[in-house]
Every structure is written in C-alpha cells, then in structure tokens.
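[1] turn this into a structure:
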Amino acid sequence: MMNITKKEMYKATAVMDDTDEIYSLSKDYRHLNRSGAPKFSKPKYQLIKALISKISYENVVEIEVKELCEMLGTDRSNLHRRLNIAGSLIEYESCRDNKAIEKGQCRIHINPNYAWKVSYTKSREQAIKEWYLFKDLSEESKTDFSINPAYVALKDLKVS
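    Numbers count the residues shown, from 1 in each chain. This is a model prediction of the structure:
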C-alpha cells in the first residue's frame, strides 16, 4: 500500500474550472444589464483565471506574496488594488489577518462557483452554500453574475 500525503493527492487532482463558461455567458447576455457591459468583465476573468492556475486545494491559493506580485505584473504596494478587480469573488488573507499564515505568504479563497479542486472534506455544493451564506450578508454578492437567476436559467438552457 502506498503512503501518499494529502498535499500530493491535491496536487494530482485537476481543477474544475467554470470561469470560461461564466465569462462566455456573461458576454452573450450583457443586454440583461442596464449598462450593456458584462457583469463578469474581461479584467475580472483574466485575474480569476490567473489565480485558478495556482489553486492548492479546494478553492484556496496558497502562494508567496512575491510570486503573486510577479504573476500579476504588479508590485507589493499595488497588490490590493490589483486584487480588488475581482471584488467579492475572492477573499485575501496574509499574516496580518491570520497568524496561521507565515510571513511573506498569502492565502486567497476563490468563489467555489468559479473553480474547485476536489476535496476530501466537503463537496463543491457545500462550499458554494457556505460561500454565499456568508456573502449574502453583503450587498456585493448581488453583483455576482454566476448566481444571477438569468445566468442559472441560461446555463440550464445551454446544457440541454
């Protein structure tokens, strides 16, 4: 019997990435917005895609701040401004916010509706419910295109 660590198992697991589909539908149905612009904009899409490529487990990116800055083409002083493009689709933590995170590291939680790496502790559906349970307390969650009733209906139509 092979002894394999949880970290090795997660590394071998592919990420379920629905970002392309959400972006495509957001563009296709931009006429549903008053402004005519897609709710899931291209800069948001590009940022989320970059972060998804670095998912460590579930919907979490654990990365060195320096590496994150290089990946996003920014410096440390502008990192938060760059991450703010994603709005309520991500949550950023550093050692200042959470003492369990080592100095120079950060942790980013991505909305599990956009990307998910199979977990051994909870399902994607549970993670989505938890995400929106906490986010529902915020007005920002109402701008998330992936939970818009029109998106859900259109996604169902496209699948059929």
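
[2] how about the helices of this protein, start to end?
    6-12, 19-28, 42-52, 65-72, 79-83, 124-135, 149-159 (DSSP state H).

[3] to residue 34, which of those helices lies closest?
    Checking the helices of the chain against residue 34 by CB to CB gives helix 149-159 as the closest, at 13.2 Å. C-beta: built from backbone N, CA, C; applies to glycine.

[4] flag the shaky bits of this protein, pLDDT-wise.
    Scanning the chain with the threshold set as pLDDT under 70 gives 1-12, 135-160.

[5] hey, what's the residue most central in space within it bridged with?
    Most central in the chain under CA atoms, centre = their mean is residue 110, positioned 2.6 Å from the mean C-alpha point. Beta-bridge partners recorded for residue 110 (DSSP bridges): residue 90.

[6] on that earlier part again, go through the helices of the chain and name the closest to residue 102.
    The nearest among these, by CB to CB, is helix 65-72 at 10.5 Å.

[7] and the closest one, what other elements does it pack with?
    Counting contacts by 3 or more CB pairs under 8 Å, 6 or more residues apart in numbering; DSSP states H and E, helix 65-72 packs against helix 42-52, helix 79-83, strand 105-110.

[8] how about the ones you listed in CSV, adding distance to residue 62?
    What follows is those, written out as CSV (distance: least, CB to CB, whole Å):
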stretch, distance to residue 62
helix 42-52, 11
helix 79-83, 15
strand 105-110, 5
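
[9] and those, which is most packed in?
    Comparing the helices and strands packed on helix 65-72 by mean neighbour count (mean count of other CB atoms under 10 Å), strand 105-110 ranks first with a mean of 20.

[10] what's the local residue count around the residue lying closest to residue 16 once chain neighbours are set aside?
    Leaving aside its sequence neighbours, residue 16 sits nearest to residue 116 (CB to CB, 6 or more residues apart in numbering; 4.8 Å). Using other CB atoms under 10 Å, residue 116 is surrounded by 22 other residues.

[11] possible to save the helices of the chain as TSV with distance to residue 103?
    Shown next, in TSV, are the helices of the chain (distance: least, CB to CB, whole Å):
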stretch	distance to residue 103
helix 6-12	21
helix 19-28	31
helix 42-52	21
helix 65-72	9
helix 79-83	15
helix 124-135	27
helix 149-159	40
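
[12] which of those helices sits closest to residue 94?
    helix 65-72 (6.9 Å).
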